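[1] I'd like to go over a predicted model; first the sequence, then the structure.
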Amino acid sequence: MNNGKKPQYGVRLLCAVAMFSAHSVCAHAAEKTISGLKVQDGQTVAFLGDSITQHGWRQPGGYVKLLTAGLAAEGLEIRAIPAGVSGNTSADMLIRLNQDVISKKPDWMTLSCGINDVWRGIDLPHFKENVTAILDKAQEAGINVILFTATPIGETDNPNNELLVGYNDFLRQIAGERHLLLVDLNTAFWKALQATCSNPGSGPRLTTDGTHMNPLGNVLMAREILACLGVPPARLDAIEQQWRADPSNGFLSCWLIFRETTQVTAGEFEKLQSLASERKMTMEQLTRDLIGQALISRLQAHMQQDDFPINQLLQELSMEFNELISQSTLDKNTTTPAIRPEGNHPGSTVQARLDFGIIATVSIPEFEKLRTIADDRQISTKQLADELCLDAIRLVVKNAPAGRPLNFMQDGDKLEQTYKQVVHDLLADSQNRK
């Protein structure tokens, strides 16, 4: 019980390591297969979880992919059943358990939950009920279960991590009561983060945003699971070297989101609706097109600047977007926008959102170099990715054919290829400067 006090992670860490294993943060069931590993060749493993599990399957070098590659290196081919869904709580996982896991008749199931339960207000008693029901149903179906403790919510001591203590304590408790394999990822993460205290750098160390894994977080997760399945430490080191040698097991992801909101009169809103109809667009598509135009206009205006602060871009983007809204609502025989009345008046809110994600695939050592570059600039790897993404957009805008403006939806492949080139050019330049 936490008793309202802040968790002492250093103390908890030492206790957890002593409690579970002298070599890895894992509680082992007593039996082993003939091979010495818990899983057998040809078995299926379902990975039930949230966005961390979903990304673990979809990302380059995601932990699920690293795990399957690691088992293959030990001569065991497993079939993975991805069952991670972004935003899921234990309640959501219980609802879809039959369809996404049990109906597929896996030999094993990993269960990763807790973070969204804390975020979305699933209190501890209901979390216990949900997890117990999931385990009951899975075990009744003859599925072997591996429990994961939830990784930290942000790489710092904060109220969410304080709440998470009780959830993880329950997972440890029920794993012991049912003699289940438990991969104590939470303890492993705090241990790894503690090791970086002497060189904290800027921003998260094992995650992209404090929660979702970066390449190093994926490696840590996969190593801990393999250790819990019985892979000896010497083999873990050899397997990690194989992961590091693969040029596609790392990534630098950029996720840019531009949002704008402006108030218009009821008449202006009707004109925007009419314009969307003329262009055979929805209002969402029209406003996204307008904010895209505003972004391109601002980038073109500063094309000659090597260093263009993102905060300045966002300020100018807001002004440009409002100007485009005003121009779009002009009467055809009018040359200046109407003056909007002040104070309370019948009107509407126009919201626009332009967002896109791009991933540049790199090796794990290359990702480490990118993180070092970010540290040298005193920014996070996410901020570095955003800056490189804007550089890529500027290049595409600069090289666009005359009379053919950039379209963020149609030119997505061109943006992605340019972003990847910008990332690899930075790595090459860093290497040349050594």
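    Ah, there it is.
[2] surely residue 47 forms part of a strand?
    Yes: with DSSP: H, G, I helix; E, B strand; the rest coil as the criterion, residue 47 is located in a strand.
[3] for the residue nearest to residue 114 when sequence neighbours are not counted, helix, strand, or coil?
    Leaving aside its chain neighbours, residue 114 sits nearest to residue 150 (3.2 Å; criterion: CB to CB, 6 or more residues apart in numbering). Bear in mind the C-beta positions are built from the backbone N, C-alpha and C, glycine included. Here residue 150 is recorded as coil under three-state DSSP.
[4] with the one 4 residues further on instead?
    Using three-state DSSP, the structure places residue 154 in coil.
[5] please report phi then psi for it.
    Reported as degrees, to the nearest 10, the phi and psi values for residue 154 are phi 90, psi 140.
[6] and it, how far from residue 43?
    35 Å (CB to CB, to the nearest Å).
[7] which of the two has more neighbours?
    residue 43 (17 against 14; other CB atoms under 10 Å).
[8] check contacts around the more buried one.
    When contacts are counted by CB atoms under 8 Å, 6 or more residues apart in numbering, residue 43 touches 78, 79, 106, 107, 108.
[9] let's go with 7 Å and repeat that
    78, 107, 108 (CB atoms under 7 Å, 6 or more residues apart in numbering).
[10] I'd assumed residue 41 was in contact with the second one.
    No: contact criterion CB atoms under 7 Å: residue 107 and residue 41 do not qualify, at 11.1 Å.
[11] show me the contacts for residue 104.
    46, 81.
[12] and with 6 Å instead?
    residue 81 (CB atoms under 6 Å, 6 or more residues apart in numbering).
[13] domain parsing for this structure?
    9-246, 253-432 (automatic domain parsing).
[14] and the strands in the protein?
    For the chain, strands defined by DSSP state E occupy the ranges 26-27, 44-49, 79-84, 108-112, 144-148, 181-183, 250-265, 347-362.
[15] got any ranges where this protein has weak pLDDT?
    1-36, 197-202, 306-310, 330-347, 402-410, 434 (pLDDT under 70).
[16] pick out the residue nearest the middle of it.
    residue 212 (3.9 Å; CA atoms, centre = their mean).
[17] can you map out the helices along the stretch 1-150 of the chain?
    9-20, 51-58, 63-73, 90-100, 115-119, 124-140 (DSSP state H, counting those that start in this stretch).
[18] can you list the buried residues in stretch 235-248?
    For stretch 235-248, burial by neighbour count (16 or more other CB atoms under 10 Å) applies to 236, 239, 240, 243, 244.
[19] re earlier: residue 104 versus the residue nearest to the centre of the chain, what's the distance?
    25 Å.
[20] residue 51 - how many residues pack around it?
    Count around residue 51 with other CB under 10 Å applied: 18.
[21] wait, doesn't it sit right on residue 86?
    Yes: with contact defined as CB atoms under 6 Å, residue 51 counts as touching residue 86 (3.8 Å).
[22] on that earlier part again, from residue 49, how far off is the residue nearest to residue 114?
    10 Å.
[23] quick one: which of these two has more around it?
    residue 49 (28 against 24).
[24] what is the burial count for the closest residue in space to residue 87 that isn't next to it in sequence?
    Once flanking residues are discounted, residue 87 sits nearest to residue 116: 6.0 Å by CB to CB, 6+ apart. If you count neighbours by other CB under 10 Å, residue 116 ends up with 25.
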